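Enquirer: this one's structure only:
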């Protein structure tokens, strides 16, 4: 319930609740116009770059990551066939608790998440191949210290 959900929203009396019969009663407060402007700019940016280009770029980053993880004997659990895969890469290392790697990566300011005992990486437009290489080096360091 917010001031915009009242019949007369400019009648600022906190002791009353007088809902209109229209959908206005579901409005909770003032819209976050700053957020809407930011969202608009973000969508404009993504459209300027091109969704197809972003998709291909993200898949290229995922390919670099997959090659690097496989060379370190990681087991990739996310789909790898073209029809079902995305740029999200989920992997684990046998006999190593993924939580240790996740915690170590977080300490190195590399943000991943835990998924069903594995590590979920989600490279995106704002990442670079150098970011992926640095992540792999951090994984090497973490494993060496386990």
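Expert: Perfect, thanks for sending it. Since we're looking at a predicted model, the values are computed, not measured.

Enquirer: what sits against the most centrally placed residue in the chain?
Expert: Centrality entry for the chain: nearest residue to the mean C-alpha point is residue 122, 6.8 Å, by Cα atoms, centre = their mean. Applying Cβ atoms under 8 Å, 6 or more residues apart in numbering to residue 122 gives the contacts 87, 88, 89, 112, 113. For every residue, glycine as well, the C-beta is placed using N, CA and C.

Enquirer: Give me the buried entries from the residues you listed.
Expert: If you count burial by 16 or more other Cβ atoms under 10 Å, the buried members of those come out as 87, 89, 112.

Enquirer: Reformat these into CSV and put distance to residue 5 next to each item.
Expert: Formatted as CSV, the buried ones among the contacts of residue 122 follow (distance: Cβ to Cβ, whole Å):
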residue, distance to residue 5
87, 41
89, 44
112, 40
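
Enquirer: In strands, which of the residues you listed appear?
Expert: Members of the buried ones among the contacts of residue 122 lying in strands (criterion: DSSP state E): residue 89.

Enquirer: tell me which of the buried ones among the contacts of residue 122 is nearest to residue 79?
Expert: The shortest approach to residue 79 among these belongs to residue 89, at 10.1 Å (Cβ to Cβ).
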